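1. please find the sequence and the predicted model below.
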Amino acid sequence: MIERPYDGCGKCLLGVRRLSRVKLATSSPERQRENVLAAAASVGAHIVGWADDWEVSGATDPVTRPKLGPWLRDERGPYDGLVAAAVDRLGRNVVYCLNTGYKMRDEKKMLVTYGHDGAWDRDDPADENRFTMEAWGAQMELRAIQRRNRDATVKTRAAGRPKGKPSYGFQYVRKVMGGKIDHVELHPHASEVIREVARRIVADPDNVTTSSEAARLNRDGELSPADHLAVMYGKLAGGRPWSPQSLKNILLPEATLGYLMHRNKPVLGRDGNPVRLCEGLWDRATHEALKKAVLDRKVPWTRHSNRDLPADVRRPVRTVPHALVHPDVAGCTSALYLYSPEQGLAARPALSSCTAYQRSPPRLVR
């Protein structure tokens, strides 16, 4: 069998696949799989696992990629090398590709790609030069793609049309599937979700915050902005939670007023006025009230790291069972922090909590 568990034969390779954009019509994952299996068979090796990084740019360092990174950091288990469909599947950056190649050499591991005769010999000048040239070619292609995308973005923005991802609460409408954007409109569900958040914060800014609203949305099972966008375009939700910062990024920009934005500022038309794409989520008065409620709120508690506290008031951080802090979050491994009143660290006993408040309501335990 070409795919079987690690057996220590010296040719137990990890299959590497990567794709920047996954579309319903693409056949790249299947073609990459066939090429990887053929390359492994050509050197008498077998596959012990797959590191499939979908929706990951070639400009990403392989060590930090979600699937390949743990293997390269020796966090997943033993393997004897990497096999990919091409050098550009390892990355589209010369430095990152060479670092990965030399890492395999220094650790006495194989590096195989489809179309190359046998494994790469990084000590052979000819193989080293060819590997470098293929990595350089991949980087040149990346730079050409980036330049085309930048030029298209500038021209689209100058024409007063949107490009890129829609802001949460909005959606693009196309007359033809895969065609250019015809117009922008409010998303029927997401717009009501974010309007309810804004209404609650403006109505009671002292007790309702972006943190409490993020926790509420997580409890209610509302898709986070990233998952909502993925589902809109026919992809699977990744289970990512809402966070207070993501709410601020949605509520505070003037994009909520329906404006075309660039670098967090409205794009001005030839008449000097902001370019409006569609009706806003709320009016200017509500926008200013939201900014005041979110930005001007005074935080009654200040988080202190125990290491930064003065020696005379430093407290040992006791081990608090996370079941007590978050009874609805099993296996919580978040770090504990000390919370003390601003009036004075010694005035009242410190409280402890962890950063898992984003997944459930914060509960402070003495």
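-> Received the coordinates, thanks.

2. now the helices for the stretch 101-250 of the chain?
-> 125-158, 190-203, 210-220, 225-232, 244-251 (DSSP state H, counting those that start in this stretch).

3. now for the longest one, which elements pack on it?
-> Other elements packing on helix 125-158 under the criterion 3 or more C-beta pairs under 8 Å, 6 or more residues apart in numbering; DSSP states H and E are helix 87-90, helix 94-106. In this view, the C-beta of every residue, glycine as well, is placed from N, C-alpha and C.

4. buried residues of that helix, list them for me.
-> Asp127, Glu128, Phe131, Thr132, Glu134, Ala135, Ala138, Gln139, Leu142, Thr156, Arg157 (16 or more other C-beta atoms under 10 Å).

5. who's in contact with stretch 87-97?
-> 16-18, 32, 57-62, 82, 84, 100-101, 113, 131-132, 134-139, 141-142 (C-beta atoms under 8 Å, 6 or more residues apart in numbering).

6. returning to what we had before: out of the buried residues of helix 125-158, the closest to Gly10 would be?
-> Asp127 (19.6 Å; C-beta to C-beta).

7. correct me if wrong: the closest one contacts Asp117.
-> No - in this structure, Asp127 is not within contact of Asp117 by C-beta atoms under 8 Å, at 9.7 Å.

8. where does pLDDT dip in the protein?
-> By pLDDT under 70, the weakly predicted segments of the chain are 298-366.

9. ok, now how distant is the most centrally placed residue in it from Met261?
-> Residue closest to the mean C-alpha point of the chain, counted by C-alpha atoms, centre = their mean, is Ala226 at 8.2 Å. In this view, Ala226 and Met261 are 18 Å apart by C-beta to C-beta, to the nearest Å.

10. coming back round to it: for Pro5, see how far away the residue nearest to the centre of the chain is.
-> 34 Å.

11. ditto for Arg199
-> For Arg199, the distance to Pro5 (C-beta to C-beta) stands at 55 Å.

12. between the two, who's got more neighbours?
-> Each of Arg199 and Pro5 had its neighbours counted (other C-beta atoms under 10 Å), and the higher figure belongs to Arg199 (14 against 10).

13. how far away is the more buried one from Gly238?
-> 28 Å.

14. ok, Tyr96 next?
-> Taken as C-beta to C-beta, the span from Tyr96 to Gly238 is 24 Å.

15. the two: which is more packed in?
-> Set Tyr96 next to Gly238 and count neighbours by other C-beta under 10 Å: Tyr96 wins out with 22 against 12.

16. which residues in this protein form strands?
-> 12-19, 46-54, 81-84, 110-113, 170-173, 183-186, 261-262, 265-266, 301-304, 336-341, 351-354 (DSSP state E).

17. list the contacts for Ser191?
-> So Ser191 contacts Gly169, Phe170, Leu281 (C-beta under 8 Å, 6+ apart).

18. ok, the residues you listed vs Ser27, which is closest?
-> Phe170 (31.6 Å).

19. the residue nearest to that closest one when sequence neighbours are not counted pairs with what?
-> Nearest residue to Phe170 in three dimensions, chain neighbours excluded: Val184, at 5.6 Å (C-beta to C-beta, 6 or more residues apart in numbering). Taking DSSP bridges as the rule, Val184 bridges to Tyr172.

20. could you shift the numbering so residue one becomes 568, and keep it that way?
-> I'll keep to 568 as the first residue from here, and by that count the last item is Val751.

21. check contacts around Val751.
-> Contacts of Val751 by C-beta under 8 Å, 6+ apart are Pro729, Pro733, Phe737, Gln738, Tyr739, Val740, Gly825, Leu844, Cys845.

22. show me which of those are buried.
-> Pro729, Pro733, Phe737, Gln738, Tyr739, Gly825, Leu844.
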